[in-house]
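**Student:** Provided below are the primary sequence and the corresponding predicted coordinates.
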Amino acid sequence: MCRNIRTLHNFEPPATRDEVHGAALQYVRKISGSATPSQANAEAFARAVEAVTAATHRLLDELVTAAPPKNREVEAAKARERAAARYATG
């Protein structure tokens, strides 16, 4: 599950609300051990996702760096190359 959580800091353009929410959702799924909560836990699960989303937004807003922003397309291409090498058959 956690493989879907990606680095969100220092990208141009910055992380979107959907990306931050998706990372928060994956985090809560991982720590709760449940991809889909039961009805009894749905409200607590939703509150946790919103709290982690808010904390992530605050963190990203407060982080500083002297490094130039990364290009999303270049980083995605690098990830595809690593995956191809990792899962190559032969």
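**Tutor:** Great, that's in hand.
**Student:** And residue 77, how far from residue 23?
**Tutor:** Distance, residue 77 to residue 23, using Cβ to Cβ, to the nearest Å: 21 Å. (Glycine included, C-beta is placed from N, CA and C.)
**Student:** So for those two, which sits in the more crowded spot?
**Tutor:** Counted by other Cβ atoms under 10 Å, residue 77 and residue 23 do not tie: residue 23 has more neighbours, with 20 against 11.
**Student:** which helices and strands does the lengthiest helix in the chain pack with?
**Tutor:** Counting by DSSP state H, the longest helix found in the chain is helix 42-62. Judged by 3 or more Cβ pairs under 8 Å, 6 or more residues apart in numbering; DSSP states H and E, helix 42-62 is in contact with helix 17-32.
**Student:** If you count neighbours, what's buried in the helix it packs on?
**Tutor:** The neighbour-count check on helix 17-32 (16 or more other Cβ atoms under 10 Å) flags 20-29 as buried.
**Student:** Next: stretch 39-54.
**Tutor:** 45, 48-49, 52-53.
**Student:** Show me how far it is from its chain's centre.
**Tutor:** How far stretch 39-54 lies from its chain's middle: 16 Å, per Cα atoms, centre = their mean, to the nearest Å.
**Student:** got the angle between the longest helix of the chain and helix 17-32?
**Tutor:** For helix 42-62 against helix 17-32, the angle by axes from the mean of the first three to the mean of the last three Cα atoms, to 10 degrees is 120 degrees.
**Student:** Rounded mean pLDDT for helix 42-62, please.
**Tutor:** Averaging pLDDT along helix 42-62 gives 97.
**Student:** Which residues does that helix contact?
**Tutor:** 8-9, 14-15, 20-21, 23-25, 27-28, 32, 34, 37 (Cβ atoms under 8 Å, 6 or more residues apart in numbering).
**Student:** tell me how far the ends of stretch 58-74 are from each other?
**Tutor:** End-to-end distance for stretch 58-74, by Cα to Cα, to the nearest Å: 26 Å.
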